[in-house]
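1. no sequence for this one, just the structure:
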C-alpha cells in the first residue's frame, strides 16, 4: 500500500516536471532526435572501420578503393555525429538552465507571497537549500539522467541491431553475459547502503557539533574548555573515519567489478568471434567491430543503474521544490477590497481569537478600542502575545475569529498593500537589506538626498552614517558593514521617519539603543506620533509612561489597562513591574 | 598543498601502493590489444583453435588480475584519503581552539565551519581521485602510444601527433571554462543571497511593500546566472564533439597508413586492429583526465582555504610558567589602558585607569558602543590592550598561562548560549567536579531555582539551548559561571532578558554570596549598579566618571542623564535635549 502511494506521488511529480518542460517541448523533441542520430552514427563508425580493415587483409591483398570509400564515409559520419552532438549539448544546456531559472523564479515569487506563518515556522536554511541545491540537483539529475537513459537505451538497441546484422551467435553471447555487471553493481549498492547511511549520520552529527562549538567558540574559550571539546570532536571524528573508510572503499568496488565483467565479455566475444572468423561466418573487420561493441554495449548498462538512482533522487528533489511552490499563498485581497487612504486611525478589535497552533490557544476573545491619535503601549512578560497583536494588525497573520476594524472597515476587506502602506513599523529584529545605507533608508521610495538625511538626523543616525567609509553609499546588509545592533536599529527608525505614515507600530524599537540616545529618539517619535494612532511594545517602562493607554498583557489577554497614573494607583501587576526597577 | 602534505605522512605506504597497483592494472589493460592482435594473426590466420582458446583465457586472466590490482588500489586510496581528511579535520579543529578572540573575529565563524566541513570533504575526494587516477590516465595515454611504437614506428607517429593536439584542446577548453565556473558560483551565491533575504526580511519587505522590487532584483540575478551558465555550457559542449572528430580523423589516417604498411608486408591485419584499439583507449582516458582535473582544481582551492586557516598564527601567546602573585595586591588593576580592535580606525578604549579591590563590586555603565564590553573582555585577556597594562592579583595578565588566568573567572557573556547535553553537563563547564548539591546551589543563586524544580539537572538541552527561553538560558549561563565559585565574576550585560523583579533578586543574591568574589557588572541600567562599590561611566571609550551611585549623581552629568532617562524624570525634559 505504502509503496503504491509513493508511486502515485512520484507520478504526480513526474507530471509536474513535464509541465515545466512543456514550453520547451520543441527543443526537447529536437534534442531527442539529435541524440538518436548521434548514437546511431556513433555506432555505425566501428562497422565502417571493420570494413576498412577487411580491405587490408595482407601483402598484395589491399583494396585501396575500398579503403578510400570507407574512410571517406567515416569522415562524413564523424563530421555529422559531432555536429549533431554539439547541437544536442547546447539544446540540452538551454533546456536545463531555463527550466532551473523558471522554477527558481516561481519559487521566489511564492516566497514573497506566502503567509508569514510558513516562513516563521520553517528553517530558512532549509527553504534556501530547496530553492538552490534541490533545484540544481533536480535539473541536473533529471535532464542529465533522462538524456543518459535515452541515449543508453538507444545505444543498447542500436548495438543489438548492428551486432545482429554482423553475427547473431556472438550477439547472444554478449546479451547473456552483460547483465552480470548489472547484478554485480546492484549487489554492491545494496551492501553499501547501510554504510553510507552510517557515514552520513555521523557526518551530520559532526557538522552539528562543529556548528555549535565553533559557532560559539568564545564561550569555549571563556571557560577554557578547548581540550574537552577537542576530545569529543576526536571521538566523533574517529567514528566518522571508520564509517567513511568502509563506505568509500565498498562503493569504489563498483567500477572495478563492472569493468571485470566487461573484460570477461570482451574475452568471450574474442573467443566466439575468432572461431566464427575461422569458420568463415565473419571477417576480421567484423571481429574488430564486435570488440568495439562489446566495450560500448556494457557501458550504458552500468550507467543506467546509476541513472535510475539519480532519477529517483531528482524526483525527490523535485517533490520538495514543488511542495514549496504549492504552498498556499496569502489569502488574496477580496475582489472589491477597499483602498485605505490616510486613515484617521480608529482601531477596533472585536472578539478576536488567535493562535499559531490550534492546540495552544494564545489570544482569546480580545477586545480593544483605540481612538484616532491615541498612543497605546503594550507591556507584559515574554510570550504574552504583544508581538502577536502586531502581527494581526499588519495582517502578517489573520485572526481565527472576530474582527479588527480600521476606521470602521474590517482590515480583511481592504487591500493589504494599502493597509501596510498606512502603517510604519519598527521591529526589534533589525533587518537590513543588501544595499547602500541610502537604499536601506529609502526602502524603494523615491526620496531626495535631503529627505533621507533629514530622516537620518531625526533618528540620530546621521552622525554615525557620516563616519562610515562611504557615508550614505556604504554597502551594508545582514552580515555586512560591521554595524552594531544599536546602529542597525537607528537605521530602521530612519526608514519610518522618512515615510511619516498615518499610523505607527514600534515593537521594542529602541531595545538595543542606550537610554540616553533612546530619550532623544523618543522626542523625535513624540513629534512623529503627534495626532497619529500608535502602538508601542517596550521592555523599558520609562519609554511608555507617556502613553494614552497602557495595556498590560498576560497569557494572551489584557489584565489591566489605563494610563500610567491609573495603573499605578490600582497597585496591580503594572505597579509591581514599575516598582521592581527601583528595588535594589 | 604544502602545508597539508605532512598529514599524508602516516599513509606513505598507502599513497605509494595505491597508484602503483593502479598502474599495474593499467599495464595489464595495455596488453589487451596485443593479445587480440596475436589472436587474429596467429590464431585465426593459422586456424589454430588451441591458440585462440589460450589467448582468450589470457584475456580473462588479465581481466582478473586487473580486478585484484584495482581493488587493492581502491582500498589503499580510500584508506589514505579518508585518514588524511580525518587528520586534517582534527588538526583544523584543534587549531581553531587555539585562535584568540581577535583571530576568530577576523576569520568569522561561518567561514571556519565551512572549512571544517565541506572543504575538508572536497579535499578528501580530491586525494582519493588523485591516488586512483592521477597517474593512471596519463600512463594509459602514453603507454598506448609506446605500445603503438612497438608495433610499427611510422604508423605510431600518428599517435605522437594526435596526443599533443588532444591535450591542447582538452586542457584549453578547461582553462577557459574553469574561471567561468567560478563566475557561475559567484552569481549563484548572489541568487542564494536574494532568497535568504526574501526569507529573513519577509516582514520588513512586506511592511514597506518592497515585494515587487525584491522580485525584480531576484529575476535580474537569476537571469544573469542563467546567461553565464549557458555560456559556459556552450564552451564545454565543444569538448566531446571536437575530441571525437580528432580521434576519428587520426583513426582514418592510422588505417590508411596501416593499409599501406600491410600492402608492403610490414604489418599484419591484427596489428592494424591493435593500433585502432589503442587509439580508442586514448580517447576514454583523456575524457577521464579532463574530469579529474576539474575536480582536482576544486579540491586544490579547498585545500588552499584550509591552509589559510592553519597558517593563521594565534595572535596571542601565553606564558608557560606560573607567575608569582602578590598577596595583598588588588584583584584587578587597569594602568592607563587603551585598546584598538584589529583593523579598526579608532580606539575603543582610551586611557582607562582604575583599581578593583578583592571582594568589591564594580559597575560599568555607558551608551551603546561606549566600550563597556571591551573593558571587561580585557581582564581575562580575551583581547590584548594596545597600550598600558591590565593586572590581575598584581601580575600583568600577559604573564599568566591561559588556563591559570581564566580559571579565576566566571564570565557571563552577552549572548546566552548553552550546548547540547543535560543541564548538569552544561553547568559542569564551570567546574568539572561540582556535586549536584553545588550545581543546585548555583542555580538557586542565579534565580534558576524554578528551572531546577521544573526540569531537573537531567533535562536534555538541545543545540545552543534552543529549547529554553532567552531568560532561562541567561539564568543558566549565570549559574554556569557561579558553579566555578570564581575569584572574579563578570556579568556582561547578562540580565537583559530577565524581567526587572528577577534582575533585582539576582543582584541581591549576588551581594550575599558567601565566598565574596570580585564582581564586575556591565549594565545599561543605573538601578542595577546602585549598590556597586565603584561605578565607571564610559563614553566613547573614555572614563567620564568614577565613584559610587551617590557621588556620580552629583558629580557626573552623563551618569545623571542616564539615571534620569530611566527613572522617568528625564522624559519631560526629553524635548530639550
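-> The structure has been received and is ready for your questions. Since this is a predicted model, take the numbers as computed values, not measurements. Numbers count the residues shown, from 1 in each chain, chains lettered A, B, ... in the order given.
2. and stretch A:160-180, does that touch chain B?
-> No. Using CB under 8 Å from any CB of the partner chain, stretch A:160-180 never reaches chain B; the gap is at least 11.6 Å. From N, CA and C alone the C-beta is placed, and that goes for glycine too.
3. can you give me the strands for the stretch 251-400 of chain B?
-> B:332-339, B:349-356, B:361-366, B:387-392, B:395-396 (DSSP state E, counting those that start in this stretch).
4. before we move on, what about chain A?
-> All strands of chain A, identified by DSSP state E, fall at A:56-58, A:61-62, A:347-354, A:363-370, A:375-379, A:401-406, A:409-410, A:423-426, A:435-436, A:475-476, A:503-507, A:533-537, A:549-554, A:557-562.
5. Domain map for the chain?
-> No chain in the question, so chain A it is. A:13-167+A:282-325, A:347-431+A:498-580 (automatic domain parsing).
6. Oops, wrong one, chain B.
-> If you go by automatic domain parsing, chain B breaks into B:5-152+B:267-311, B:415-485.
7. what stretches of the chain score poorly on pLDDT?
-> Picking chain A for this. Scanning chain A for pLDDT under 70 picks out A:1-9, A:143, A:302, A:305, A:381-384, A:478-482, A:511-512, A:539-540, A:542-543, A:580-584.
8. try again with chain B
-> For chain B (pLDDT under 70), the answer is B:1, B:343-346, B:368-369, B:497, B:568-577.
9. Strands of that one, residue ranges please.
-> B:332-339, B:349-356, B:361-366, B:387-392, B:395-396, B:409-412, B:421-422, B:460-461, B:488-492, B:518-522, B:534-539, B:542-547.
10. picking up where we left off before, now the domains of chain B in TSV, with distance to chain A?
-> TSV is the format used below for the domains of chain B (distance: least, CB to the nearest CB, whole Å):
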stretch	distance to chain A
domain B:5-152+B:267-311	3
domain B:415-485	5
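11. quick revisit: specify the stretch among the strands of the stretch 251-400 of chain B that is closest to chain A.
-> Closest to chain A of the strands of the stretch 251-400 of chain B is strand B:361-366 (CB to the nearest CB; 7.3 Å).
12. what's the nearest residue to residue B:240 if we skip its chain neighbours?
-> residue A:85 (5.9 Å; CB to CB, 6 or more residues apart in numbering or on different chains).
13. Leaving out the residues flanking it, which one is nearest to residue 225?
-> If you meant another chain, say so; for now it's chain A. residue B:429 (5.8 Å).
14. if you could check chain B rather than the one you did, that'd help
-> Nearest non-adjacent residue to residue B:225 (CB to CB, 6+ apart): residue B:187, at 4.2 Å.
15. I'd assumed residue B:222 was in contact with that neighbour.
-> No. Residue B:187 is beyond contact range of residue B:222, at 9.0 Å (criterion: CB atoms under 8 Å).
16. So for those two, which residue has more residues nearby?
-> Set residue B:187 next to residue B:222 and count neighbours by other CB atoms under 10 Å in any protein chain shown: residue B:222 wins out with 22 against 19.
17. roughly how far apart are the residue lying closest to residue A:47 once chain neighbours are set aside and chain B?
-> Excluding its sequence neighbours, the residue lying closest to residue A:47 (CB to CB, 6+ apart) is residue A:289, at 5.1 Å. Using CB to the nearest CB, to the nearest Å, residue A:289 is found at 10 Å from chain B.
18. And residue A:574, by the same measure?
-> 12 Å.
19. what's the burial count for that residue?
-> When neighbours are counted by other CB under 10 Å, residue A:574 registers 23.
20. list the contacts for it?
-> Taking CB atoms under 8 Å, 6 or more residues apart in numbering or on different chains as the criterion, residue A:574 is in contact with A:379, A:550, A:552, A:560, A:567, A:568.
21. Now do the end-to-end distance for stretch B:396-409.
-> 15 Å (CA to CA, to the nearest Å).
22. Surely residue A:87 and residue A:37 touch.
-> No. Applying CB under 8 Å as the test, residue A:87 and residue A:37 come out as separate, 9.5 Å apart.
23. Single out the residue in the stretch 351-500 of chain A that lies closest to chain B.
-> residue A:486 (3.5 Å).
24. That residue contacts residue A:513, correct?
-> Yes. Assessed by CB under 8 Å, residue A:486 is found in contact with residue A:513 at 4.7 Å.
25. ok, the closest residue to residue A:379 other than its chain neighbours to chain B distance?
-> Nearest residue to residue A:379, sequence neighbours excluded (CB to CB, 6+ apart): residue A:552, at 5.6 Å. From residue A:552 across to chain B, the span is 13 Å (CB to the nearest CB).
26. is it true that residue A:552 touches residue A:570?
-> No. Checked against CB under 8 Å, the pair residue A:552 and residue A:570 is beyond contact range at 9.7 Å.
27. More neighbours: which of the two?
-> For residue A:552 versus residue A:570, neighbours defined as other CB under 10 Å are more numerous around residue A:552 (22 against 14).
28. who's in contact with the more buried one?
-> For residue A:552, counting by CB under 8 Å, 6+ apart, the contacting residues are A:379, A:380, A:558, A:559, A:560, A:561, A:567, A:572, A:573, A:574, A:577.
29. neighbour-wise, which of the residues you listed leads?
-> residue A:379 (25 neighbours).
30. Return the residues in contact with that residue.
-> For residue A:379, counting by CB under 8 Å, 6+ apart, the contacting residues are A:386, A:537, A:538, A:541, A:544, A:550, A:551, A:552, A:553, A:574, A:577.
31. wouldn't the residue nearest to residue B:240 be in contact with residue B:242 here?
-> No. In this structure, residue A:85 is not within contact of residue B:242 by CB under 8 Å, at 9.8 Å.
32. how about the nearest residue to residue B:242, chain neighbours excluded?
-> In space, residue B:242 is closest to residue B:169, 5.7 Å off (CB to CB, 6+ apart).
33. Relative to residue A:513, how far out is the one you found?
-> Noted for residue B:169: a distance of 63 Å to residue A:513, by CB to CB, to the nearest Å.
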